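Q: okay, here's the prediction I keep looking at, along with the sequence it came from:
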Amino acid sequence: AQSVTQLDSQVPVFEEAPVELRCNYSSSVSVYLFWYVQYPNQGLQLLLKYLSGSTLVKGINGFEAEFNKSQTSFHLRKPSVHISDTAEYFCAVSPSGGANNLFFGTGTRLTVIP
Amino acid sequence: GAGVSQTPSNKVTEKGKYVELRCDPISGHTALYWYRQSLGQGPEFLIYFQGTGAADDSGLPNDRFFAVRPEGSVSTLKIQRTERGDSAVYLCASSLNRRETQYFGPGTRLLVL
């Protein structure tokens, strides 16, 4: 079974400041890792994903994430946030050896303050 | 091109009624997924179709929930004898095949009174 923990339900940050959204997972099998973003009144959009290879993954809108197998983490980072980054962010995993069913965390609400 | 579309965008029904939620995947996508997102929660997997067949329905909460995809394209999620606890946003996603990125629709917000 897989589970995802996003410890921070809400993260307020000032515009142009750096941000890190934390994600930890638990799984008995190897997994793929994802970050999705949900803007108000819009569907989920893929930010980035880790399947294999380099543990540092770059995504859209200047976001990046680092896979740390020993700490079972996949934290999302951005060096300088914009007002438009205000949204809900979901970390998700899927078993690497089966169908691509996604298991999501409870989400982190990022609010960028002008 | 067109993304995943879902209809209706909102549905209000009474406890005990039957509802159908529709998903139009991206053209050519063979894999289709249904998720349910309750308030304050992340999406929860319900069912996965590969082509016309339900390859994994382990996420359906009980036998009141059923989904079909008869021609391998459009899918319908059916909920019988709705309960207030079924109120949630129902999300559909599709991917080129089961290994590719899932693209999500805007969801159907279901409210059971």
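A: Received, thanks.
Q: what's the neighbour count on the closest residue to A:Ser30 other than its chain neighbours?
A: Spatial nearest neighbour of A:Ser30, excluding adjacent residues (C-beta to C-beta, 6 or more residues apart in numbering or on different chains): A:Ser96 at 4.6 Å. The C-beta positions use only the backbone N, C-alpha and C, and glycine is treated the same way. If you count neighbours by other C-beta atoms under 10 Å in any protein chain shown, A:Ser96 ends up with 15.
Q: I figured A:Ser96 hits A:Ser27, correct?
A: No. Using C-beta atoms under 8 Å, A:Ser96 is not in contact with A:Ser27, being 9.4 Å away.
Q: for the residue nearest to the spatial centre of chain B, give me its contacts.
A: Central residue of chain B (C-alpha atoms, centre = their mean): B:Trp34, 3.5 Å from the mean position. By C-beta atoms under 8 Å, 6 or more residues apart in numbering or on different chains, B:Trp34 lies in contact with B:23, B:45-48, B:67, B:75, B:77, B:90-92.
Q: how far away is it from B:Gly105?
A: 10 Å (C-beta to C-beta, to the nearest Å).
Q: got any residues that touch both of those two?
A: Joint contacts of B:Trp34 and B:Gly105 (C-beta under 8 Å, 6+ apart) are B:23, B:91-92.
Q: okay, B:Leu91: pLDDT?
A: pLDDT, B:Leu91: 97.
Q: B:Gly3: neighbour count?
A: With other C-beta under 10 Å as criterion, B:Gly3 counts 13.
Q: I figured it hits B:Ile26, correct?
A: Yes. The pair B:Gly3 / B:Ile26 is scored as a contact, 6.4 Å apart, by C-beta under 8 Å.
Q: which residues in the chain form strands?
A: No chain specified, so I'll use chain A. With DSSP state E as the criterion, chain A has strands at A:2-5, A:10-14, A:19-21, A:24-27, A:31-38, A:44-50, A:56-58, A:64-68, A:73-78, A:87-95, A:103-104, A:108-113.
Q: look at chain B instead
A: B:5-7, B:10-13, B:19-24, B:31-37, B:44-50, B:53-56, B:65-68, B:75-79, B:88-95, B:103-104, B:108-112.
Q: any chance of the ones you listed in a markdown table, plus distance to A:Ser3?
A: Output for these, formatted as a markdown table (distance: least, C-beta to C-beta, whole Å):
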| stretch | distance to A:Ser3 |
| --- | --- |
| strand B:5-7 | 27 |
| strand B:10-13 | 30 |
| strand B:19-24 | 26 |
| strand B:31-37 | 16 |
| strand B:44-50 | 12 |
| strand B:53-56 | 18 |
| strand B:65-68 | 22 |
| strand B:75-79 | 25 |
| strand B:88-95 | 19 |
| strand B:103-104 | 21 |
| strand B:108-112 | 26 |
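Q: look up how far A:Tyr32 lies from the closest residue to chain B within chain A.
A: Closest residue of chain A to chain B, C-beta to the nearest C-beta: A:Phe104 (3.2 Å). Separation of A:Phe104 from A:Tyr32 (C-beta to C-beta): 13 Å.
Q: more crowded one of the two?
A: Comparing A:Phe104 with A:Tyr32 by other C-beta under 10 Å, the one with more neighbours is A:Phe104, at 22 against 18.
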